[in-house]
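**Student:** I'd like to go over a predicted model; first the sequence, then the structure.
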Amino acid sequence: MILRTPQERFGALPDYPFFPNWFDWGETRLHYLDEGEGRPVVLFHGEPTWSFLYRKVIPVLVAAGYRAIAPDYFGFGKSDKPIAADSYSYDAHTESMVALLADLDIRGACAVVQDWGGPIGLRIAVEHPEMFSALSILNTGLFTGGRMSKGFMDWRRFVEKSEDLPIRFIMERSMVAQWDDAVLNAYEAPFPDRSYKEGAHRFPLIVPMDPSDAGAAAMLDVRRKLEQWTNPTQVLFSTSDPVFQPKTGERFVERIPGATELELVEGAGHFLQEDKGEEVGRRIVAFLDA
């Protein structure tokens, strides 16, 4: 069974004037934004967010002459939401995004990745270099079954114990800047009740805890391919993220030949696009223009 969030749930979104676009992936309808013209910049969101997270970044990119594409993974945002837990896997999320980008005939793009957008977007970039020629890496990591941070383990245990994942509470606890009620409500809008949240509930639980777990080998392969990636790469981390700290960004810089030095965004937490969205947009534009 596949659920579709009623459109009226999205009737009062602040600062989100974008036209919806749709792509059918099998029986599942995916939503994405496609704004502006020029070189494409694909914005990959994480957990438990959706394209709304990039609403402050998109106008900055468009004003600078870039085409901003922001998809919602299945289970998130305006995209359809399968209720079966086994629908949600690293491979399935990657395959659905590859299908969408192939349909859009994406070439020479920059992938902007954050949180789970890292494993998904970076895998697509290294496996489909015809699609992507640059990377902008924000607060993310690759999960290869090794030791995880205390912040992540606390988060995973919280999800395991949560029968009904409290999306608004999660976002509220993550903010560094103060967010309006309308913003918090927008992150909860895709999920009318627990039955719509299987995708959000599964993401932390499919992070491999052991090298033998599903997804670990694929992410290790991504890491190895990144060690050969000589194309331009920006690494942009915030200073107040308990899950992905600047030292994680430093490791990306050390491993990726095409990476510039680590850039830091002050006064922002895990969701730096929300806390400092316009600044993030300007930093990405500066990187692309250079």
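**Tutor:** Yep, it's here.
**Student:** how about the residue nearest to Ser240 when sequence neighbours are not counted, phi and psi?
**Tutor:** Computed as Cβ to Cβ, 6 or more residues apart in numbering, the closest residue to Ser240 that is not its neighbour in sequence is Gly269, at 4.7 Å. Every residue, glycine included, has its C-beta placed from N, CA and C. Per-residue torsions, Gly269: phi -100, psi -150 (degrees, to the nearest 10).
**Student:** ok, Asn21 next?
**Tutor:** The phi and psi values for Asn21, taken as degrees, to the nearest 10, are phi -130, psi 150.
**Student:** with Val207 instead?
**Tutor:** With angles defined as degrees, to the nearest 10, Val207 sits at phi -70, psi 120.
**Student:** tell me how many other residues surround it.
**Tutor:** For Val207, the neighbour count with other Cβ atoms under 10 Å is 21.
**Student:** pretty sure it sits against Thr144.
**Tutor:** No - the criterion here is Cβ atoms under 8 Å, and Val207 misses it with Thr144 at 10.2 Å.
**Student:** got a list of what the residue nearest to Ser240 touches?
**Tutor:** By Cβ atoms under 8 Å, 6 or more residues apart in numbering, the contact list for Gly269 reads 174-176, 238, 240-241, 275.
**Student:** and what of Glu127?
**Tutor:** By Cβ under 8 Å, 6+ apart, the contact set of Glu127 is Lys225.
**Student:** separation between it and Ala109?
**Tutor:** As judged by Cβ to Cβ, to the nearest Å, Glu127 and Ala109 stand 14 Å apart.
**Student:** next, count neighbours for the nearest residue to Ser96 once chain neighbours are set aside.
**Tutor:** Among residues not flanking Ser96 along the chain, Trp25 sits closest, at 4.8 Å (Cβ to Cβ, 6+ apart). Residues near Trp25, counting by other Cβ under 10 Å, number 18.
**Student:** next, give phi and psi for Trp25.
**Tutor:** Backbone torsions of Trp25, given as degrees, to the nearest 10, read phi -110, psi 100.
**Student:** was I right about it contacting Ala99?
**Tutor:** Yes - using Cβ under 8 Å, Trp25 makes contact with Ala99 at a distance of 5.4 Å.
**Student:** okay, now Arg123: neighbour count?
**Tutor:** Using other Cβ under 10 Å, Arg123 is surrounded by 26 other residues.
**Student:** from Ile170, how far out is it?
**Tutor:** To Ile170, Arg123 is 25 Å away according to Cβ to Cβ.
**Student:** thinking again about what came up before, which among the contacts of Gly269 end up buried?
**Tutor:** 174-176, 238, 240-241, 275 (16 or more other Cβ atoms under 10 Å).
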